[in-house]
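Engineer: Any chance you can model this:
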Amino acid sequence: DAEWRNRWVDSKWKGSQMGEWEWSAGEWFGDAEKDKGIRTKDKARFYGISSKLDQPFSNKDKDLVVQFSVKNEGRTTSFCGGGYIKLLGSDIDQEAFGGETPYHIMFGPDLCGYDVSRIHLIFNYNGENLLKDQDIKLDYADKNEFTHLYTLHVRPDNTYTVYLDLEEKSSGSLPEGWAKFPSKEIDDPNDKKPDDWADEEFIADPEDKKPDGWDDIPAETPDPDATRPDDWDDEDDGEWAPPMIPNPEYKGEWKPKMIKNEKYQGPWKPKQIPNPDYDPEIYAYSDIGAVGFELWIVDNGSIFDNIFVGDDIEEAKAFAKETFEITKVEEKKVKDAIEEAKKAEEPDHEPEDDEMEDGDDIDMPSMEEIEEMMAAEGMEDDLFADAAEEQDAKDEL
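Structural biologist: Next comes the predicted model:
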């Protein structure tokens, strides 16, 4: 609502390199008031903003649901920028909130052209930010300019589900999806593979015999078409012999044919025993006291709205139906009307082969263009330092 400035605090961690937030529904929308959210106003800027919850809480022994919408409206070409929310502690220094600020969970889209398109899901565990082993990939349609809803549901049994637009996108066990989380079970170090374990699916046919004379056929044979040179001198050149060529009769090393092993038992695996280091409270955080967006964005015009933090997935879905579901339908109508109006204003003609038609991919600006934009603003070194930190986190995995 219009009182958003009373709840949100801008970060100053990058000084003049910080972009400005505004309260806006953007350039096109279904409802001019209901579709307003906090919007990134400037291109090629760092962004930081946070809001403290009315009451800090712990999700121990409870579900945790984080949900928000984002509309990446601004795009000169393909959108490039982050769109993830962070769950923070209540002791956050909001004006200093930045890339080094500790957080509990980071969740949301990370987009840049058509090469980077994923939903980030990072958990802090024992002071270390753990990236998911496998990216949660976004499809082509997930990266358009319409509003999309991101929902994370974490449960006390250490499982999770990620939804995009209320459709499941990823789910599973936290220890199985993040290698550095201690697993519930481990291999029994005292369990040994039996000597007679049959782990070969195919074996040599004992009835197959090597044909007689197989080994008598040489791999090479004298070239029958070679002739002794007229100027060959045995005394000077030695006894002449024709060069050797591959023998067409040679069949290589004999091997018996392979047949199915009737005793095959599959790959041997040691039995599993409880992991003494397993943590049944991987999912739990004792002080969830704020939410924030800490981003680097090339293209401006991202609108964040409909933030929900709670412990009831059904309540979150109900909230989405009252907000996102209505926005999704209405903004599509408006966008379609805008496109139809544009077509009506265009002169009738057949498109040339080199003209771009609806649905064609648009290339992302080159890295050189992005670097020039950043250099002009004096922020190139800062961005690459942040990128290096994320790569280091991945390398540690």
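Engineer: From now on I want contacts and neighbour counts done on CA atoms only, so please keep to that.
Structural biologist: Will do.
Engineer: list the contacts for the residue nearest in space to the middle of the chain?
Structural biologist: The centroid of the chain falls nearest to D135 when counting by Cα atoms, centre = their mean (2.8 Å). If you count contacts by Cα atoms under 8 Å, 6 or more residues apart in numbering, D135 has them with R118, I119, H120.
Engineer: In TSV, list the residues you listed along with distance to L87.
Structural biologist: Formatted as TSV, the contacts of D135 follow (distance: Cα to Cα, whole Å):
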residue	distance to L87
R118	19
I119	16
H120	13
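Engineer: Now the buried members of those.
Structural biologist: The neighbour-count test (16 or more other Cα atoms under 10 Å) applied to these identifies R118, I119, H120 as buried.
Engineer: Specify the local secondary structure of the last one.
Structural biologist: Translated: H120. Of the three states, H120 takes strand according to DSSP: H, G, I helix; E, B strand; the rest coil.
Engineer: which residues touch it?
Structural biologist: H120 makes contacts with Y84, M106, F107, G108, P109, D110, L131, K132, D135, I136, as judged by Cα under 8 Å, 6+ apart.
Engineer: tally of neighbours for the first one?
Structural biologist: Burial of Y84, expressed as a neighbour count using other Cα atoms under 10 Å, amounts to 22.
Engineer: Check the residue nearest to the centre of the chain and give its pLDDT.
Structural biologist: With respect to pLDDT, D135 scores 94.
Engineer: Likewise for E325?
Structural biologist: E325 carries a pLDDT value of 96.
Engineer: Can you classify it by secondary structure?
Structural biologist: With three-state DSSP as the basis, E325 sits in helix.
Engineer: Give me the neighbour count for it.
Structural biologist: Neighbourhood size, E325 [other Cα under 10 Å]: 18.
Engineer: got the CA coordinates for stretch 145-156 in CSV?
Structural biologist: This file holds the C-alpha atoms of stretch 145-156, laid out as CSV (Å, rounded to 0.1, in the frame of the first residue of the first chain):
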residue,chain,number,x,y,z
GLU,A,145,7.4,-10.2,-19.0
PHE,A,146,4.3,-11.3,-17.0
THR,A,147,4.0,-11.6,-13.3
HIS,A,148,5.1,-15.0,-11.9
LEU,A,149,4.6,-16.4,-8.4
TYR,A,150,7.4,-18.2,-6.5
THR,A,151,6.5,-20.4,-3.5
LEU,A,152,8.8,-22.4,-1.2
HIS,A,153,7.4,-24.9,1.3
VAL,A,154,9.8,-26.4,3.8
ARG,A,155,8.6,-29.1,6.3
PRO,A,156,9.8,-30.3,9.7
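Engineer: who's in contact with it?
Structural biologist: With contacts defined as Cα under 8 Å, 6+ apart, stretch 145-156 is touched by 60-74, 107-108, 142, 160-166, 281, 283-284, 313, 324, 327-328, 331-332.
Engineer: go again using 7 Å as the cut-off
Structural biologist: Contacts to stretch 145-156, defined as Cα atoms under 7 Å, 6 or more residues apart in numbering, come from residues 61-73, 108, 160-165, 283, 313, 328.
Engineer: Now do the residue nearest to K12 when sequence neighbours are not counted, the pLDDT please.
Structural biologist: Closest residue to K12 apart from its sequence neighbours, by Cα to Cα, 6 or more residues apart in numbering: E95 at 5.4 Å. E95 carries a pLDDT value of 97.
Engineer: That concludes my questions; thank you for your assistance.
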